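Trainee: take a look and give me a structure for this.
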Amino acid sequence: MPCERKPMRYGHSEGHTEVCFDDTGFIVTCGNDGDVRIWEGLDDDDPKFITVGEKAYSLALKKGKLVTASSNNTVQIHTFPDGEPDGILTRFTTNATHVAFNGSGSRVAAGSDFMVKVVEVADSSQQKTLRGHAAPVLSVSFDPRDEFLQASASCDGAVVVWNIEDQTQTVSWPLLQKTNDVSNAKSLCRLAFRPLLAVPVETKVHLYERGSWDHVATLSDDLLTQQINVVAWSPCGRFLAAGSVGGSLTVWDANSKLCVEQKHEKGFTVCSLAWHPSGSQIAYTDTEGCLGLLDGASESKPAKDYDDLFDEDDDGRLMDEGLSDTNSPAKKRGGDEDEDDDFLVPSTGRVRNRGAILDDENSMKFRDDDDAGSTVAPEAAPLAPLHPVYEGPMPSAPQKAFQPGSTPAHLTHRFMMWNSVGIVRGYNDEQDNAVDVEFHDTAVHHAMHLTNSLGHTMADLSQEAVLLACPGTDELASKLQCLHFSSWDTNKEWMVDLPKGEDVKALCLGQGWAAVATSALMLRLFSIGGVQRQLFSLPGPVVCMSGHGEQLLVVYHRTAFDGEQALGVQLLQLSHRKKQLISGEPLPLSPRSYLSWLGFTAETPCYVDSDGVVRMLNRSLGNTWTPVCNTRETCKSKSDHYWVVGVHENPQQLCIPCKGSGYPPTLPRPAVAILPFKLPLCQTATEKGQMEHYWRSVLFHNHYGFLSSSGYEINEDAQNESQKEQQELLMKMFALSCKLDREFRCVELADLMTQNVVTLAIRYASRSRRMALAQRLSEIALEKANQIQEDEPEEPDYSSVRRTSVCGSGKPTSSSGQPRVTNILDNMTSSRKSTPLSRSAGNLSKNPVLKPLAPRSKTKPKTGFQLWLEENRKNIIADNPDVDETDVIKEAMGRFRTLSAEERL
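Mentor: Sure, this is the predicted structure:
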């Protein structure tokens, strides 16, 4: 009967993950995040966890004792389920790769570099060291009879059976492919010893008889095409489960060789298997940190002899009309004394989903290797009507609140904050419980060492202050502490207690303010000096926050279904004129991903999701979010990550590469890598796709318009440089379109150009003998010129006037140097007088006359501002005798703006 596969769920961060069951049936897992988690079931959304180190590589559980191999090269023991440390069993020169208990729970075996250690749990000084492997050990397994035998597999290709008491090798088989490290091994070769020794060898499992060590059988399956990674015997020792690097799960009946095949839903490597103590379930984990469950994969107990229930006159016939004679257990036993016809049936007695018996990729398939015919299951009795079951989308587990630029709070050494200002580290071990603050620029402030007596778990850092917060307890309220180091007075610290039952979930700092989001769905605003300024409710539980200048970005939960996170975002401007720029809009995420970083560039909000996609706010397109980079594209393997610590509009982003993990260690200080932005444009490998990085330039520089509209002073040189870059890219795209005979596309590009660049485009089209295109471009140029003339009385074009005046201020200029910045189309009028063509178009007598290419007159009409400047220049210079020509023009523009329309005339 088919097993029922439960949907997989997130268990740990990406990387090697292991699973086992305790005696009561709870699922216990460990992973790359350093946690051991105890799950009451697959649907447990709040598992209890035990932190054992930076990473946990393996675990074993027996009789209330939990043994783990952690990243500090030790094998530790904890009480279970309390999680209290109970000492260190042994140490290695590198991390242990696998640990295992013996049957009685009195011994633990651990494998590492070139050796296996067998340690007595009651007295860890009693150790046996088994030497002889020529490479790191992959796995260990105890003899089920506890008669001083143990098996191990190594990267040297050998599977060895040891005599523990003599510390000698009993037998060795060269079965595996040799490699120099566990990370390079094609298979973990997890051994299983009950009652036979099962050894996964490529796509098969070899079975060896205990004692004689003869190869007695080989289990295989035609659908298995990739290496088997792990194997595990069922509690009764009859069934063997196997998981492969390709994601397939296989269960064999060791007696009848009945095979059940189940495909992993995503195809990731299965790195651990465990049977429920009752044999009714198989838990498994993969290298993505996910946890899955096969329900109903258990053996049936021997059938009773139903003939004893009836008279001999019944001739062994069954009274139940639902079963035929051929399906009778008695008839089976009489016709065939073997157990080849036994079936896997659920031990729970529950009615299975009828859809599970369909022959699809998610259903179990049965084959009998000893019989060419197919096996037919007995007909089931008529099922009772079932209650309607909802099969639609199910709510997703909401993402927990976090601080951008921080590593998980359970780590003993962690980054509490890493941003563009500095680094806040937290230490919580036996030697110290403190917070270190380090600034990238020591001119801001010197480094600080703070005693963390309150147990702060959250932090943020700005040019003005350090903000810390700790969760509340039954006795103490949640506290917010601020170190205002930029204050001019002597009292630079303040602290606030939150109301009882209200905990800090997220915090951030801005220019002159601090914000705190709490568990009561409240957002509290404080001044940097500690004055409570604002208070309002959030639409949902907060996920994270980020502040920059006078902008506050808040992300919170809305609703989540079918494995997706549904987040909302608010962007507030906390200036004197407070306003909401984005109000509760959905925050786009990659499918089945979660938010991993939130922050600002120079002035623009941006964020990163767990799939590595970086998105930035596009203010020029109605506050939409545009993907600008995918950090996963630069990772060398699936287990590598980039931990984002900042984004800048240079354009580049600052990341810390993490090999084989999701977070960097605090020591040694990790190196920061710079990743360039790469918009997901089509055909980026072609010349056309590369030139369309014009849109990238527009996206990264549209904050100038936002700052200008908000009343801020902007860097005009940087703005002009960005506009110059954009216009150059447009002209290159225009030239490419001309070469491809895409004249309509050329007109579309001309709509994005300034009037000066349109004139250059007209010249290019004329010299390319594209007169029809040049004529259309001349119409566009005329429209742009008229538009400038119409806008000039209301808001004069000061930038063009300033550039013209600077060029004519007496400084020598090279004809081959800087491009012309004066307005070429100032002489264009609405009159339609015929003018001669340029030399490039003069030979085409039938072509239309192009007005923009008329020779420029030596005299140029002056604008109203230029005439006013000539009359008042002497007065301005008299008032400001020491200023240069540029400052004179700026002063003149300031005075000209204050004049009324009549005074300007």
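Trainee: going forward, measure contacts between C-alpha atoms and count neighbours the same way
Mentor: Noted.
Trainee: which ones are touching the residue nearest the centre of the chain?
Mentor: For the chain, the residue nearest the mean C-alpha position is Ser610 (1.6 Å; Cα atoms, centre = their mean). For Ser610, the contacting residues are 593-596, by Cα atoms under 8 Å, 6 or more residues apart in numbering.
Trainee: most neighbours of all those residues, which one?
Mentor: For the contacts of Ser610, the largest neighbour count, defined by other Cα atoms under 10 Å, is 26 neighbours, found at Leu595.
Trainee: touching, that one and Leu589? I think so.
Mentor: Yes - taking Cα atoms under 8 Å as the definition, Leu595 is a contact partner of Leu589 at 7.5 Å.
Trainee: widest-spaced pair of the contacts of Ser610?
Mentor: Farthest pair in the contacts of Ser610 (Cα to Cα) is Ser593 and Ser596. Separation: 9.1 Å.
Trainee: list the residues that contact both of those two?
Mentor: Common neighbours of Ser593 and Ser596, counting by Cα under 8 Å, 6+ apart, are 609-610.
Trainee: distance between stretch 747-760 and the chain's centre?
Mentor: 41 Å (Cα atoms, centre = their mean, to the nearest Å).
Trainee: pull out the buried positions in it.
Mentor: 747, 749-750, 753, 755-759 (16 or more other Cα atoms under 10 Å).
Trainee: let me know the closest of these to Leu552.
Mentor: Nearest member of those to Leu552, counting by Cα to Cα, is Met753, at 34.4 Å.
Trainee: mind checking the SS state of that closest one?
Mentor: When classified by DSSP: H, G, I helix; E, B strand; the rest coil, Met753 comes out as coil.
Trainee: run through the residues that contact the spatially closest residue to it that is not a sequence neighbour.
Mentor: Closest residue to Met753 apart from its sequence neighbours, by Cα to Cα, 6 or more residues apart in numbering: Gln727 at 6.3 Å. Taking Cα under 8 Å, 6+ apart as the criterion, Gln727 is in contact with 753-754, 757.
Trainee: quick one: the residue nearest to the centre of the chain and Phe536, what's the gap?
Mentor: For Ser610, the distance to Phe536 equals 30 Å [Cα to Cα, to the nearest Å].
Trainee: and the contacts of the one helix or strand Leu707 maps to?
Mentor: Here Leu707 sits within helix 703-709, counting by DSSP states H and E. Contacts with helix 703-709, where a contact means Cα under 8 Å, 6+ apart, come from 603-604, 619, 713-714, 719.
Trainee: among those residues, who's most crowded?
Mentor: Of these, with other Cα under 10 Å as the count, Thr604 tops at 22 neighbours.
Trainee: residue contacts, that residue?
Mentor: Here Thr604 is in contact with 616-617, 703 (Cα under 8 Å, 6+ apart).
Trainee: would you mind checking the residues you listed for buried ones?
Mentor: Buried subset of the contacts of Thr604 (neighbour count, 16+ other Cα under 10 Å): 616-617, 703.
Trainee: closest to Arg577 among those residues?
Mentor: His703 (18.7 Å).
Trainee: would you mind giving the secondary structure of Ala735?
Mentor: When classified by three-state DSSP, Ala735 comes out as helix.
Trainee: distance-wise, check it relative to Ala765.
Mentor: Counting by Cα to Cα, the gap from Ala735 to Ala765 is 9 Å.
Trainee: which of these two has more residues huddled nearby?
Mentor: Neighbour totals were compared for Ala735 and Ala765, and Ala765 leads with 22 against 18 (other Cα under 10 Å).
Trainee: from Ile528, how far off is the more buried one?
Mentor: For Ala765, the distance to Ile528 - Cα to Cα - is 59 Å.
Trainee: what does Trp233 give?
Mentor: 62 Å.
Trainee: before we move on, the earlier item: mind telling me the two of the contacts of helix 703-709 farthest from one another?
Mentor: Counting by Cα to Cα, the most remote pair of the contacts of helix 703-709 is Arg619 and Glu713, 18.3 Å apart.
Trainee: tell me the least confident of the buried ones among the contacts of Thr604?
Mentor: Ranked by pLDDT, these bottom out at His703, which has 76.
Trainee: now stretch 96-113 - C-alpha only, PDB.
Mentor: Listed next in PDB are the C-alpha coordinates belonging to stretch 96-113 (Å, rounded to 0.1, in the frame of the first residue of the first chain):
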ATOM      1  CA  ALA A  96      33.700  15.200  13.800                       C
ATOM      2  CA  THR A  97      31.800  14.000  10.800                       C
ATOM      3  CA  HIS A  98      29.500  11.300  12.400                       C
ATOM      4  CA  VAL A  99      28.500  10.100  15.800                       C
ATOM      5  CA  ALA A 100      26.500   7.000  16.900                       C
ATOM      6  CA  PHE A 101      25.300   5.300  20.000                       C
ATOM      7  CA  ASN A 102      25.500   1.600  20.700                       C
ATOM      8  CA  GLY A 103      22.400  -0.400  21.400                       C
ATOM      9  CA  SER A 104      22.500   0.000  25.200                       C
ATOM     10  CA  GLY A 105      23.500   3.700  25.100                       C
ATOM     11  CA  SER A 106      26.600   3.100  27.100                       C
ATOM     12  CA  ARG A 107      29.100   4.000  24.300                       C
ATOM     13  CA  VAL A 108      29.400   6.600  21.600                       C
ATOM     14  CA  ALA A 109      31.500   6.300  18.400                       C
ATOM     15  CA  ALA A 110      32.700   9.400  16.600                       C
ATOM     16  CA  GLY A 111      34.700   9.600  13.400                       C
ATOM     17  CA  SER A 112      36.900  12.400  12.200                       C
ATOM     18  CA  ASP A 113      40.300  12.800  10.400                       C
END
